[in-house]
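*Asks:* Return atomic coordinates for the entry below.
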Amino acid sequence: MLMKKLLVLPILFFSISCFADVYTGTFQLTNRSVVLKYSFDASNKNNLKGTLEAFRSNRMTPCWQGVRSIDGSKIDGVDVVLIAAPTSAQEAMSCEVFQFEGKAEGNKFIGKFTFGQNVSDVVLTKEK
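*Replies:* Numbering: from 1, shown residues only. Next comes the predicted model:
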């Protein structure tokens, strides 16, 4: 049984990575760069399935570590909403929801990244 699970995991990872759209962008947060990397399957634009990795330079706090799910986010025409709730461990430390709202323009999403009371302009560019 364990062997079956071990064989399925690489296939699942490969299938997700093959069909994933990946968008990245950077913004400044109090003299620190924050890199956002969204990976998701856009086959169902009303219920995107994927992840957000947010990397904050210098001091990494628990709220900025790890991967968050963006399941349930959507692309409606040119409107894009990507919501990444904290993991249960992050939620226990009062970490905020990460939210991107913007517009799709060609191979970019242009909009605002919000967490708590902080709002920053960001451009997310599709990787090839």
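*Asks:* Quickly find the element holding the residue most central in space within the chain.
*Replies:* The chain has residue 52 as the residue nearest its centroid, 2.2 Å off, counting by CA atoms, centre = their mean. Using DSSP states H and E, residue 52 sits in strand 49-56.
*Asks:* before we move on, what about residue 119?
*Replies:* strand 118-126.
*Asks:* So which bits of that strand are buried?
*Replies:* Residues 122, 124 are the ones in strand 118-126 that count as buried (16 or more other CB atoms under 10 Å). In short, each C-beta sits where N, CA and C put it, glycine included.
*Asks:* which residues are in contact with it?
*Replies:* Contacts of strand 118-126 with the rest of the structure, by CB atoms under 8 Å, 6 or more residues apart in numbering, involve 21-29, 34, 36, 38, 100, 102, 107-114.
*Asks:* do the same with stretch 92-105
*Replies:* So stretch 92-105 is contacted by 36, 38, 52, 54, 62-63, 68, 75, 78-86, 109-116, 122, 124 (CB under 8 Å, 6+ apart).
*Asks:* Show me the strands in the protein, by range?
*Replies:* 21-29, 32-41, 49-56, 67-69, 74-76, 79-84, 98-105, 108-115, 118-126 (DSSP state E).
*Asks:* Show me which residues of the fifth one are buried.
*Replies:* Along strand 74-76, the positions that meet the burial threshold by neighbour count (16+ other CB under 10 Å) are 74, 75.
*Asks:* next one: the second one
*Replies:* By 16+ other CB under 10 Å, the buried positions in strand 32-41 come out as 34, 36, 37, 38, 39, 40.
*Asks:* Give me the local confidence score for the nearest residue to residue 26 once chain neighbours are set aside.
*Replies:* Counting by CB to CB, 6 or more residues apart in numbering, residue 26 lies nearest to residue 35, which is 5.1 Å off, once chain neighbours are set aside. Residue 35 carries a pLDDT value of 90.
*Asks:* rewinding a little: would you list the buried entries among the contacts of strand 118-126?
*Replies:* Applying 16+ other CB under 10 Å to the contacts of strand 118-126 flags 21, 23-25, 27, 34, 36, 38, 100, 102, 109-111, 113-114 as buried.
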